[in-house]
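1. The sequence and its predicted three-dimensional model are supplied below.
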Amino acid sequence: MQSILFDVYGTLIDVHGMDAAAEELFPGYGASLSAFWRTKQIDYTRLRTLAGRHADFEAVTADALDFAADKLGLSLTPETRDGLLERFLTLPAFVDVAPALGTLRADGIGLGVLSNGTPRMLDLGLRATGIDSHFDHVLSIEAAGRFKTAPEAYQLGLDALGLPADEIVFVSANGWDIAGAGWFGYRTFWVNREDEPAERLGIEPHGTGRSLGDLVEWLRSR
């Protein structure tokens, strides 16, 4: 193993950071709005990739917000909608992220991200958290025009790093993403932040833990 690629949303950046902003705007509905928004966001990436109808992740995120608001019967003014979408661009990182990335860099491991996010989203999001300097590669699936779990999306990591898949560890908090990366041939580590059951997809991660601190320990034990 010579390099690590990280998923971003839900793995490094806390998408549930939207809960408080949504709750402030829609008291009693914040967590539900955030949850429906995230679920539909991922649903739309899958449907668009399956149908060959690509739209970038910013457009998908906006469409998912509109659906979630309609689902809950909430009225989004243009100002409220724009405010929530802007907030999504500068969500916080999980507290374990910066210390773990610093440790991995000190250990001489090359780090990168491979995300569904657009280049603009990744630039704004990683800079807002202050973790952008840790990464040698910031890879957006926009270069492939297909969202994860399409093989073309995961191929971007091999092309950028110049390594075979089995020499790269792919890290994600999303079980479906871990399955897709594993099918592609990456070694995988699942950061199971929310204590979710394992996906029933016929493939298991090579390692698992609850935080990036567990990833550091797993790598050092190998």
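-> In hand now; what should we look at?

2. From the chain's centroid, how far away is stretch 161-170?
-> 18 Å (Cα atoms, centre = their mean, to the nearest Å).

3. Oh, that last question was meant for stretch 100-107, not what I typed.
-> For stretch 100-107, the distance to the chain centre is 20 Å (Cα atoms, centre = their mean).

4. Same check on stretch 65-80?
-> 23 Å.

5. CA atoms of it as PDB?
-> Written as PDB, here are the backbone C-alpha positions of stretch 65-80 (Å, rounded to 0.1, in the frame of the first residue of the first chain):
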ATOM      1  CA  LEU A  65     -33.000  19.800  -1.900                       C
ATOM      2  CA  ASP A  66     -36.100  20.800  -3.900                       C
ATOM      3  CA  PHE A  67     -37.400  17.200  -3.700                       C
ATOM      4  CA  ALA A  68     -36.800  17.000   0.100                       C
ATOM      5  CA  ALA A  69     -38.600  20.200   0.700                       C
ATOM      6  CA  ASP A  70     -41.600  19.200  -1.400                       C
ATOM      7  CA  LYS A  71     -41.600  15.800   0.400                       C
ATOM      8  CA  LEU A  72     -42.000  17.600   3.800                       C
ATOM      9  CA  GLY A  73     -44.400  20.200   2.500                       C
ATOM     10  CA  LEU A  74     -41.900  23.000   3.200                       C
ATOM     11  CA  SER A  75     -41.800  26.200   1.100                       C
ATOM     12  CA  LEU A  76     -38.300  27.200   0.000                       C
ATOM     13  CA  THR A  77     -37.900  30.900  -1.000                       C
ATOM     14  CA  PRO A  78     -35.200  31.600  -3.500                       C
ATOM     15  CA  GLU A  79     -33.200  33.200  -0.600                       C
ATOM     16  CA  THR A  80     -33.600  30.200   1.700                       C
END
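
6. Identify each buried residue in that stretch, please.
-> 65, 67-69, 76, 80 (16 or more other Cβ atoms under 10 Å). Placement of C-beta: from N, CA and C, glycine included.

7. next one: stretch 24-39
-> 25-26, 29-30, 32-38.

8. Low-confidence ranges, the chain, go.
-> The model of the chain has pLDDT under 70 over residues 1.

9. Inside helices: which ones of the buried residues of stretch 24-39?
-> 25, 30, 32-38 (DSSP state H).

10. Would you reformat those as CSV and include distance to Ile4?
-> Below are these laid out as CSV (distance: Cβ to Cβ, whole Å):
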residue, distance to Ile4
Leu25, 37
Gly30, 33
Ser32, 34
Leu33, 33
Ser34, 28
Ala35, 29
Phe36, 32
Trp37, 28
Arg38, 24
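
11. domain ranges for the protein?
-> 3-13+91-221, 15-88 (automatic domain parsing).

12. quick one, which of the ones you listed is packed in tightest?
-> domain 3-13+91-221 (a mean of 19; mean count of other Cβ atoms under 10 Å).

13. For this structure, which segments count as helices?
-> Under DSSP H, the chain gives helices at 18-25, 30-51, 57-71, 78-88, 97-106, 119-129, 151-161, 175-184, 212-221.

14. quick one, which of the ones you listed is nearest to Val8?
-> helix 119-129 (6.6 Å; Cβ to Cβ).

15. so how far is that closest one from its chain's centroid?
-> That offset, for helix 119-129, works out to 12 Å (Cα atoms, centre = their mean).

16. can you state the direction angle for it and helix 57-71?
-> Helix 119-129 runs at 80 degrees relative to helix 57-71, counting by axes from the mean of the first three to the mean of the last three Cα atoms, to 10 degrees.
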